[in-house]
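*Asks:* Next comes the sequence, and after it the predicted model I'd like to discuss.
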Amino acid sequence: MIEPQSPLQIRDYRLFWSARFLAVFATLSMVVLIGYQTYDIARTDYGMDRPAAAFQLGLLGLAQFVPLFLLTPVAGLAADRFDRRHVAAFAMLVDCTLAASIGVLTWLDALTLPILFALAALHGAARVFTGPSMSAIAPNIVPPRLFPKAIALNSIAWQSASVLGPAAGGLLFAVSNALPYFISLGLLVIAAGLLLAIAALPPHEESEASHPLRLMADGLQFTIRNRLLLGCVTLDLFAVLLGGATAMLPVFARDILGVGTEGLGIMRGAPAAGAALVALLLSLRPIERNVGVKMLWAVVIFGAATIGFGLSRNFALSLGFLVLLGAADMVSVFIRGTLVQLHTPDAMRGRVSSISGLAISASNELGEMQSGVAAAFLGATGAVVFGGAGAIFVTGLWAWLFPQLRRARTFEPQYRDH
């Protein structure tokens, strides 16, 4: 039998890739519009000024993060103890409830800020189970020698959907405010079906025999004791927490650049466009040498591009900085994701992925909260510039605190499961 030379030659991986693309397309088109509706309702229905309305975006991020924080240990355990396909598919069906609810309420013009915060929390609860289960599926269906290519292809699915989803959502929202939510509902149902068509992924015997609390503690201890894993996870947490500009995009779209929902969708997709291009290049020619140093420099460029976006008042230039930001972030994500998966035994990948996912979610949702608070004091521009500078500072500090990051030369797997 001829060994596959690409993950796309593997049937189960094609199903996984398609499900990932559709789920990200659907959820991100909704998340971007929820942010815009939150800011717009705060300004129009509640009469808030720009700083106060921007602060609501921070609260929206906090509403998503609370269930993520509380449920992360349970989600990681579920990804190791049950069939990972079932866990991810169930989480997608929970997001279907979100899509249906907000679509109907938007159509009825019955949305309020408390309802938006509650639905954002529901999405956070669903996403905490989707992340670790989806991350842990790929190493089960792709041999280790093809895994760096699989990481790049996974990122192509994510980033291309991140471009098309928000852009399509913004355009459809201009036609009918409720339409993008109903389309997202249908896409999520299809994505769940594709996942369930993958061959069964039985849980490991260890995860079935051990006590749940012991398993949760083991995953946390493993991550803390492995300095390379801990450095990768926390670098993303603190750098992106400070450097995230996406929370302020509704402010830039509505009040600074004046480009409306159509421009918001394009801006929200611009980082993903840069990331998708880099992911395509990495799928053809993955990074193989001096991976740690390249990851650190990528985060520095990410911070610098964030500063440039915050200072720009030209829509085209702003898009350019967002594309650069996404391209740099893709290099960091590719290296970090590969290192984390290949330095973790399969029996523990769900739990370690949930911890990594919590860090990513904390950096995103708490980053939105930080940006909202900073915007209330510094304005949207000041908040974005401050965050970009903070990301650069954190990268330098982490290069010193975690020399294992600088010393990581290749992606040689520490654990072989095939």
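*Replies:* Perfect, thanks for sending it. Numbers count the residues shown, from 1 in each chain.

*Asks:* Show me which positions of the helix or strand harbouring Ala167 end up buried.
*Replies:* Per DSSP states H and E, Ala167 falls inside helix 147-175. Of all the residues in helix 147-175, those buried under the rule 16 or more other CB atoms under 10 Å are 147-173. Every C-beta, even on glycine, is put in place using the N, C-alpha and C of the backbone.

*Asks:* Repeat that for stretch 36-48.
*Replies:* Per 16+ other CB under 10 Å, stretch 36-48 contains these buried residues: Tyr36, Gln37, Thr38, Tyr39, Asp40, Ile41, Ala42, Arg43, Met48.

*Asks:* In the chain, where is pLDDT below threshold?
*Replies:* Residues of the chain that meet the criterion pLDDT under 70 lie in 1, 203-220, 223-224, 240-245, 341-371, 410-418.

*Asks:* Let me see the ranges of the strands in it.
*Replies:* Under the criterion DSSP state E, the chain contains no strands.

*Asks:* Compile the buried residues of stretch 36-48 into JSON lines and extend it with columns for distance to Pro67.
*Replies:* Formatted as JSON lines, the buried residues of stretch 36-48 follow (distance: CB to CB, whole Å):
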{"residue": "Tyr36", "distance to Pro67": "22"}
{"residue": "Gln37", "distance to Pro67": "20"}
{"residue": "Thr38", "distance to Pro67": "17"}
{"residue": "Tyr39", "distance to Pro67": "22"}
{"residue": "Asp40", "distance to Pro67": "24"}
{"residue": "Ile41", "distance to Pro67": "22"}
{"residue": "Ala42", "distance to Pro67": "22"}
{"residue": "Arg43", "distance to Pro67": "27"}
{"residue": "Met48", "distance to Pro67": "25"}
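
*Asks:* What count of nearby residues applies to the closest residue to Val31 other than its chain neighbours?
*Replies:* For Val31, ignoring the flanking residues on the chain, the nearest one in space by CB to CB, 6 or more residues apart in numbering is His123 at 7.0 Å. By other CB atoms under 10 Å, the residues close to His123 number 24.

*Asks:* so what's His123 up against?
*Replies:* Listed by CB atoms under 8 Å, 6 or more residues apart in numbering, the contact partners of His123 are Thr27, Met30, Val31, Ile34, Gln64, Asp95, Leu98.

*Asks:* now, which of the buried residues of stretch 36-48 lie within helices?
*Replies:* Judged by DSSP state H, helices contain the following of the buried residues of stretch 36-48: Tyr36, Gln37, Thr38, Tyr39, Asp40, Ile41, Ala42, Arg43.

*Asks:* I'd say the first one and Pro250 touch.
*Replies:* Yes - applying CB atoms under 8 Å as the test, Tyr36 and Pro250 come out as touching, 5.0 Å apart.

*Asks:* Quick check: neighbours shared by the two?
*Replies:* Leu264.

*Asks:* between the buried residues of stretch 36-48, which is closest to Asp329?
*Replies:* Tyr36 (22.1 Å; CB to CB).

*Asks:* isn't Val104 right up against Ala178?
*Replies:* Yes - at 7.3 Å, Val104 counts as touching Ala178 under the criterion of CB under 8 Å.

*Asks:* of the two, who's got more company?
*Replies:* Counted by other CB under 10 Å, Val104 and Ala178 do not tie: Ala178 has more neighbours, with 17 against 13.

*Asks:* Counting neighbours, what do you get for the closest residue in space to that one that isn't next to it in sequence?
*Replies:* Spatial nearest neighbour of Ala178, chain neighbours left out: Trp107 (3.8 Å); criterion: CB to CB, 6+ apart. Residues contacting Trp107 under the criterion other CB under 10 Å number 15.

*Asks:* now do Leu284
*Replies:* Residues lying near Leu284 (other CB under 10 Å) number 9.

*Asks:* any idea how far it lies from Phe16?
*Replies:* 20 Å (CB to CB, to the nearest Å).

*Asks:* before we move on, what about Glu262?
*Replies:* Look at Glu262 and Phe16: by CB to CB, they are 32 Å apart.

*Asks:* which of those two has more neighbours?
*Replies:* Phe16 (28 against 14).

*Asks:* Pretty sure the more buried one sits against Pro139.
*Replies:* No - the pair Phe16 and Pro139 does not pass the contact test of CB under 8 Å, sitting 11.1 Å apart.

*Asks:* Could you give the number of residues near the nearest residue to Ala168 once chain neighbours are set aside?
*Replies:* Of all residues not flanking Ala168 in the chain, Ser29 sits nearest, at 6.0 Å (CB to CB, 6+ apart). Residues within reach of Ser29, counting by other CB under 10 Å, total 31.

*Asks:* Can you name the residues that contact Ser29?
*Replies:* By CB under 8 Å, 6+ apart, Ser29 lies in contact with Gly165, Pro166, Ala168, Gly169, Leu172, Pro180, Ile183, Ser184.

*Asks:* Any figure for the gap between it and Gly170?
*Replies:* 8 Å.

*Asks:* which residues touch Asp100?
*Replies:* Just to correct that, residue 100 is Ala rather than Asp. Contact analysis of Ala100 by CB under 8 Å, 6+ apart lists Tyr181, Phe182, Leu185.

*Asks:* Please tell me how far the nearest residue to Leu311 once chain neighbours are set aside sits from Gln9.
*Replies:* Computed as CB to CB, 6+ apart, the closest residue to Leu311 that is not its neighbour in sequence is Val385, at 6.4 Å. Counting by CB to CB, the gap from Val385 to Gln9 is 46 Å.

*Asks:* Which one of these two is surrounded by more residues?
*Replies:* For Val385 and Gln9, the more surrounded residue by other CB under 10 Å is Val385, and the numbers stand at 20 against 12.

*Asks:* How about the contacts made by the more buried one?
*Replies:* Contact analysis of Val385 by CB under 8 Å, 6+ apart lists Thr306, Ile307, Gly310, Leu311.
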